[in-house]
Each structure stands twice: as C-alpha cells, then as structure tokens.
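Novice: Any chance you could fold what I've pasted below:
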Amino acid sequence: MLTKLIHGVFLAVIALTCCTASAQTRFGLSPEAFAVYQRWVLSTCVEGDELALAADLRAHASELGPAFIKAIREGPLAREVRDVEAAASLMYDRRSKFPLDEVPVTGVTRADVERFRSLSRAMFVQDQVRRFTTGYRANAVAALGILDDAASDAALRRIARNMRDPLAPAAREALRKR
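Specialist: This next block holds a predicted model:
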C-alpha cells in the first residue's frame, strides 16, 4: 500500500511536469530533441522502452549531449520543481487521510509506519523534491552513457571521480555499461 502511494506521487509529478514543460524548449533544443530530452529526464523507469529511447537519444546526440551536461549542473526548471511541490502536497493530503489502522501493513516495521505518520507536510514535500531532482539529474547522467561521445565521456569521468557527488555511482554505472 505504501509503495502504491509513493508510486502515485511520481505519476502525478510526471503528469504535471509534462503538461507544463511541453510549451517551450530548454537549452535551445529543437522541438524533436526537446521531446526526447523531456521523456528521458522525467522518466521514472525506461525498462522495456529503453532501446527505442536510446535510439532517439543517439538520433539527436549533437543537441542532447550539451543539454544533458547542463541538466546535470542546473537540475530541473523552477516551475518543474513547483509542480512537484504541488503534487507532493496533494499526495500528503491523501496520505494523511489514509486509514492506516484499518489496513494491514506488511513488509515494514512499526517504526517505519510511525515515521510515515509523523512526517510533516514540509518534510514530505522536501523529500519528494529531493528525489525528483536527484532522479532528473541521474537520468541525464545515464543519457550521457548512451550518447558515448568525447564530451559525455569527460563529464561522466569527472562526476565518477568525485566521491562526494551523489551522482558518482550513476556516472560509474554509465561508464561501465559502455
């Protein structure tokens, strides 16, 4: 149940973000490249569709490489973050009304359930924004691994070497998969 609730937040975030992000491009990308960029950075899972997405990334590699490098540095747009905050706030309202005492919860400890109950709106929203931002940037890192050009390789190696960077494991994985 808890997993479905969290999954619902991510679906709402993607829906809200996709609606607002389709009106203009970022980093001067062509509309076609921007559509691929958005699909990639906003994806929560690319399994099953990864070959088609990888082909789309490579088809627009000259535009997307620099855009993904900038996306790693800059993260999502402020309006995308606001959309996540709004979706997370709505999800917090829904989850605060969820009858935890009436539904058997398995797979987590009592302490986990209590932590779930005691989380404030601000803490919940902040956590969802952090997860979204990290996922957005990690998706950009993974894209550089697929693009496999000199600039992407240099950016990945720089990130992978920085043990303090939360994206370092993703960069090492992207380099390993080449």
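
Novice: how near is residue 96 to residue 128?
Specialist: 14 Å (CB to CB, to the nearest Å). Quick note: C-beta positions are derived from backbone N, CA and C, even for glycine.

Novice: Give me the more crowded residue out of the two.
Specialist: Neighbour comparison, residue 96 and residue 128: the larger count goes to residue 128, with 22 against 11 (by other CB atoms under 10 Å).

Novice: Just list what the helix or strand harbouring the more buried one packs against, helices and strands only.
Specialist: Per DSSP states H and E: residue 128 is located in helix 121-147. Under the contact criterion of 3 or more CB pairs under 8 Å, 6 or more residues apart in numbering; DSSP states H and E, helix 121-147 touches helix 2-21, helix 31-41, helix 50-59, helix 61-74, helix 78-96, helix 150-161, helix 168-176.

Novice: ok, residues contacting the last one?
Specialist: It refers to helix 168-176. By CB atoms under 8 Å, 6 or more residues apart in numbering, the residues outside helix 168-176 that reach it are 138, 141-142, 144-146, 153, 156-157, 159-162, 165.

Novice: Can you give me the buried ones in stretch 142-157?
Specialist: The neighbour-count check on stretch 142-157 (16 or more other CB atoms under 10 Å) flags 142-148, 152-153, 155-156 as buried.

Novice: now residue 85, nearest residue through space, not along the chain?
Specialist: residue 125 (5.4 Å; CB to CB, 6 or more residues apart in numbering).

Novice: Contacts only, for the one you found.
Specialist: 85, 88-89, 92.

Novice: And for residue 144?
Specialist: So residue 144 contacts 65, 68-69, 72, 152-153, 155-156, 171, 174 (CB under 8 Å, 6+ apart).

Novice: Out of the residues you listed, the closest to residue 112 would be?
Specialist: residue 171 (30.7 Å; CB to CB).

Novice: Per-residue pLDDT of the residue of the chain most remote from its centre, please?
Specialist: What lies farthest from the middle of the chain is residue 102; by CA atoms, centre = their mean that is 32.6 Å. Note on residue 102: pLDDT of 81.

Novice: again with residue 114
Specialist: The model's pLDDT for residue 114 equals 81.

Novice: What of the one 4 residues further on?
Specialist: Here the pLDDT value assigned to residue 118 is 85.

Novice: Give me the spatial nearest neighbour of residue 129, chain neighbours excluded.
Specialist: Counting by CB to CB, 6+ apart, the residue nearest residue 129 is residue 84, at 5.4 Å.
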